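K.L.:
Need the 3D shape of this:
(chains A and B)
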Amino acid sequence: MRAVKIIERILYTIPIMLGVAVIVFVFIRMTPGDPVDIMMGQGGAISAGEIEQLQSEFHLDEPITTQLWYFLRDALRGDLGYSYIKKRPVTELIGDRLPATIELAGGALLFALLVAFPIGIISAVRQNSLLDRLSMSFAFLGISMPAFWLGIVLILIFAVGLGWLPVQGRLGSDITLQHITGFYVMDSVLTRNWPALQSALAHLILPSVTLGAAVAAIVARVLRSSMLEVLRSDFVQLARAKGAPEWLVVVKHALRNALIPTVTVVGLQVGVLLGGNMIVETVFSWPGLGRTVVEAIFNRDFPLIQGAVMVYAFTFVAANLVVDVMYTYLNPKITL
Amino acid sequence: MHSRRWGKGIAFLVLLFALTIIVGCGGEPEVETVIEQVEVTRIVEGEEVTVVETRVVEVEREVEVQVEVTATPEPGRTSLVVALAEAPTSLDPADHRSRTSETVIRNMFDGLVTRDTRSGVHLELAEEMNWVDDTTLEVKLREGVTFHNGEDMTADDVVFTFERIINENAIEYPEPHTSPRKGLIAPLESVEKVDDYTVRLNFNSVWPPAMQLLVHQQIVPKDYIEEVGTEGFINNPVGTGPFQFVQGQLDDQIVMERFDDYWGGAPDLEPVGPAGVERVVFQVIPESSTRAAALLAGEVDIIQSVPNELVDTLDQTPGVDVQSAPGTQPIWIQLNVTDPLFSDPAVRQAMNYAIDKDLLIEAVYGGRAVPLPGPLSPFNNFVNEDLEPYPYDPEMALELLGEAGWTDSDGDGILDQDGQSFAFTIDTIEVWRPQAEALATMYRELGIDAGVRFWEYSVLRDQLLNCERQAFLDDWGDSAFDPVGHFEAKWHTYVEGEPYGRGNFSCYSNERVDELTRAGETESDTATRQEIYDEAQQIVYDEAPAVFLVLPEVAEANRETVQNWEPASDSRINLHDVTMAE
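P.N.:
Numbers count the residues shown, from 1 in each chain, chains lettered A, B, ... in the order given. Here you go, the predicted structure:
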């Protein structure tokens, strides 16, 4: 039954993605700025007709409805066109950059959960203690700190000042790594390249902390408040009354029920981690999709923007779906 | 391209602030010129906008004298690492229109000719070049040059290279398209092989800047590209240059190794022979504060484009050198000559006299810029030597404005005429914030109510060409050191869909200037060309469709272990000559 529902939900994503595709297509073309002119840069050295020729090469001289038709027709065949500037297929460019973005999001999520769970649980159990107040002020700080600022401060302290961690990039410049999946941590394990693994992990730490800080703060606060609510509920009192040890009450009875709102938040934050990392990728020179899309927007590289935004949209849709499915496991009363 | 400049400002401030904390302060109080910012709400064109006004003031403050951060190299690193400010777009010499791509490509490929910042154009793969007639250039190729795959470089490769650039749809991947570099060599009609080491380039008209522009085309291997296709070629490029490709992703790192069989490079330019370092890595670091941090942490050896705000900090760091070269991107305020406010040339001249370029250079550029003598860079090969930069002369400015009817009749400190104040807005992009604010302050001191507004360039461009803005502050590149490609874009009347006037944001149109601009494009005699451009520059200078400001220098930084390297005006990073000290 659940499987049928899941398939049904997956089918719903098709009209959503189609809608996103059309909206994005129209909106980016309504933005002022001419890709051909930007591409030509400042030189006057352009042959007559070159501008027209480029416009027709990119179909920019045709009505937007025709352009949209070409796009949808090709997209159905899995062809998202090619980047005006980089002259490579969009699918290939995204495929190259996406692993870096996912790896960073994974690192950030891991950091966020490792920090948020202990803080959220302990703050709730020891409500109003010094520890609670302290960790909640840290959480507040985590939400308020702009990633840009935090990133640069972390670089200055841990990379420039102390020299413990690298400043930028995904791998040291002396390290050679055979690319298999594009996930450097995985690739170095697969090829048993331990220096590369060490370098890849070291390069992941600062950007993960920067990107994950805000998520850690949000998750910790949500977990704390839902734990507080659950800890006051009757069944927890009952468990205590039955003489169950406190840690068991907290972990088994309270935490599991407090997880439902937390999972929702984490799910949505995964979308943010994958789609909201432009600044972190720029500060740490992380060659992921976020940086590529910012560049593409400034260059009005329409096909590349379109492809990247569709990936982002898909990520959000997929994250929501996963969250919904997880609910049914956490609370069997909920159905899809 | 303005895309790379986003978000810089905050980064500098943060970095400066943090460095100050880390390195600590101390020392004698010193008088310094600083720019102070005040936010005010004012009415611009009927709309209420918040503008930040800037005042240039002298203050006493403590200056940092001791910087304790030392750039220590990463232990055991053997590669020379160069931090690029933006990602190259392609490694195919025929398939990009980006300076950064060329910067990387020129370390793997050679051209028929090359250029050195100090001494100009030199023969590279060409051993001899002669004009057979006005439009035919015969090139005798150097023998014994091999590509990285071991094949000899011959006339076939040169013919193939140029045909791939000029023929329509000659590049087949990812879909057939014409080389975006065709425009850089537009008058080239055909290329023919005379014998194995001689080719003829046939132009369809006289083309004076041929040598300067041939620098930007690099020779590719015919057999290899025919065998592996463009896709194979960009994944594993092969050239004749001092370094050969190892691996890399354009957005991340590009790794190259010394090519031991290198033919040596332009004989005029020492040193000749294989490159001095074994392995080089180009690392893309778009954020300038991160680039600086990577240099300080010893992760990279050379960084591109050091922002003005960080020049002093880096320069004072032991183990780091900041070097600069004359830039190729003059900046100016383009005044819309169709706007009633700026339709009178005398008013526009007054706008030039009102600006203290020396103060601007000191306060904003830390001395690393030169004043512009007129519409062309002072380093352009055809600059009019008789033109002097408009001097800072506020009295002259007021006099000219007075003659045009602008006086402070109500005593509010702002010039007015028929009850209207002299007020205008400088539109610009974020990257010019310090300059724009300093300039607005200077105008305010004179009694002109100047505001500043920031935009994204691509949004603004159409409005500029439609003459909808009043004044626009920006730069415009001139990397060929020749007026062709620059003068016609900037000062020729705008012609839609053509190169003429595509950067003419003054809406300036002068028949004589147009005529001279077109004449200069096809005149082969250097002396006559000089006369043509002298006259054109004189007219533009006198009519002043712009406030001619400054030519900023290109500042780059390197660790002191990097030897025999210097920045180049055209952003070339020549790693062939570099050696590393222990």
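K.L.:
now stretch B:423-443, how far from the chain's geometric center?
P.N.:
Put simply, stretch B:423-443 sits 20 Å off its chain's centre (C-alpha atoms, centre = their mean, to the nearest Å).
K.L.:
C-alpha coordinates for that stretch, CSV please?
P.N.:
The C-alpha coordinates for stretch B:423-443 follow below in CSV (Å, rounded to 0.1, in the frame of the first residue of the first chain):
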residue,chain,number,x,y,z
ALA,B,423,21.7,67.8,-9.4
PHE,B,424,22.5,64.5,-11.1
THR,B,425,23.1,60.9,-10.3
ILE,B,426,26.2,58.8,-11.0
ASP,B,427,25.0,55.4,-11.9
THR,B,428,27.5,52.6,-11.5
ILE,B,429,28.1,49.1,-10.4
GLU,B,430,29.0,47.9,-6.9
VAL,B,431,32.7,47.4,-7.8
TRP,B,432,33.2,51.2,-8.2
ARG,B,433,31.6,52.2,-4.9
PRO,B,434,34.6,53.9,-3.4
GLN,B,435,35.4,55.8,-6.6
ALA,B,436,31.8,56.9,-7.2
GLU,B,437,31.4,58.1,-3.6
ALA,B,438,34.7,60.0,-3.7
LEU,B,439,33.7,61.6,-7.0
ALA,B,440,30.2,62.6,-5.8
THR,B,441,31.9,64.3,-2.8
MET,B,442,34.2,66.3,-5.0
TYR,B,443,31.2,67.5,-7.0
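K.L.:
secondary structure element for the spatially most central residue of chain A?
P.N.:
The structure's chain A has its C-alpha centroid closest to residue A:274; by C-alpha atoms, centre = their mean the separation is 1.1 Å. Secondary structure from DSSP states H and E places residue A:274 in helix A:256-275.
K.L.:
My read is that the residue nearest to the centre of chain A contacts residue A:315, right?
P.N.:
Yes. Judged on C-beta atoms under 8 Å, residue A:274 makes contact with residue A:315 at a distance of 4.8 Å. Just so you know, the C-beta spots here come from the backbone N, C-alpha and C atoms, and that holds for glycine as well.
K.L.:
which residue sits farthest out from the middle of chain B?
P.N.:
residue B:410 (44.8 Å).
K.L.:
That one and residue A:263, how far apart?
P.N.:
Going from residue B:410 to residue A:263 by C-beta to C-beta, to the nearest Å gives 68 Å.
K.L.:
part of a helix, is residue B:518?
P.N.:
Yes. Assessed by DSSP: H, G, I helix; E, B strand; the rest coil, residue B:518 belongs to a helix.
K.L.:
do you know how far residue A:304 is from residue B:229?
P.N.:
Plainly put, residue A:304 is 22 Å away from residue B:229 if you go by C-beta to C-beta.
K.L.:
which residue sits closest to the residue farthest from the centre of chain B, ignoring its sequence neighbours?
P.N.:
Counting by C-beta to C-beta, 6 or more residues apart in numbering or on different chains, residue B:410 lies nearest to residue B:416, which is 6.3 Å off, once chain neighbours are set aside.
K.L.:
Got the phi and psi for that neighbour?
P.N.:
Backbone torsions of residue B:416, given as degrees, to the nearest 10, read phi -150, psi 170.
K.L.:
Okay, it and residue A:294: tell me how far apart.
P.N.:
Distance from residue B:416 to residue A:294, by C-beta to C-beta: 45 Å.
K.L.:
Now do stretch B:250-267, average pLDDT.
P.N.:
Averaged across stretch B:250-267, pLDDT comes to 93.
K.L.:
Flag every buried residue along it.
P.N.:
B:250-259, B:262-263, B:265-266 (16 or more other C-beta atoms under 10 Å in any protein chain shown).
K.L.:
contacts with chain A among those residues, please.
P.N.:
Among the buried residues of stretch B:250-267, the ones lying near chain A by C-beta under 8 Å from any C-beta of the partner chain are B:250, B:251, B:252, B:253, B:255.
K.L.:
who does the helix or strand where the last one lies pair up with?
P.N.:
Meaning residue B:255. Taking DSSP H and E as the criterion, residue B:255 maps to strand B:253-258. Next to strand B:253-258 in the sheet, as set by DSSP bridges, lie strand B:243-248 (antiparallel), strand B:279-284 (antiparallel).
K.L.:
and after the last one, which helix or strand comes next?
P.N.:
Sequence-wise, the next helix or strand downstream of strand B:279-284 (DSSP H and E) is helix B:288-296.
K.L.:
Report all helices and strands that that next one contacts.
P.N.:
helix A:147-154, helix B:8-23, strand B:80-84, strand B:302-303, helix B:308-315, strand B:546-559 (3 or more C-beta pairs under 8 Å, 6 or more residues apart in numbering or on different chains; DSSP states H and E).
K.L.:
Considering these, which stretch scores lowest in mean pLDDT?
P.N.:
Looking at the helices and strands packed on helix B:288-296, the bottom one is helix B:8-23 with a mean of 42.
K.L.:
How much space separates residue A:172 from residue B:247?
P.N.:
Taking C-beta to C-beta, one finds residue A:172 at 14 Å from residue B:247.
K.L.:
Who are the contact partners of the residue nearest to the centre of chain A?
P.N.:
Applying C-beta atoms under 8 Å, 6 or more residues apart in numbering or on different chains, we find residue A:274 in contact with A:101, A:102, A:105, A:312, A:315.
K.L.:
residues making contact with the host helix or strand of residue B:131?
P.N.:
If you go by DSSP H and E, residue B:131 is part of strand B:126-133. Residues outside strand B:126-133 that contact it (C-beta under 8 Å, 6+ apart): B:112, B:113, B:123, B:137, B:138, B:139, B:140, B:141, B:142, B:143, B:200, B:211.
K.L.:
other SSEs contacting the helix or strand just after it?
P.N.:
Following strand B:126-133 in sequence order, the next helix or strand is strand B:136-141 (DSSP H and E). Counting contacts by 3+ C-beta pairs under 8 Å, 6+ apart, strand B:136-141 packs against strand B:126-133, helix B:155-166, strand B:198-203.
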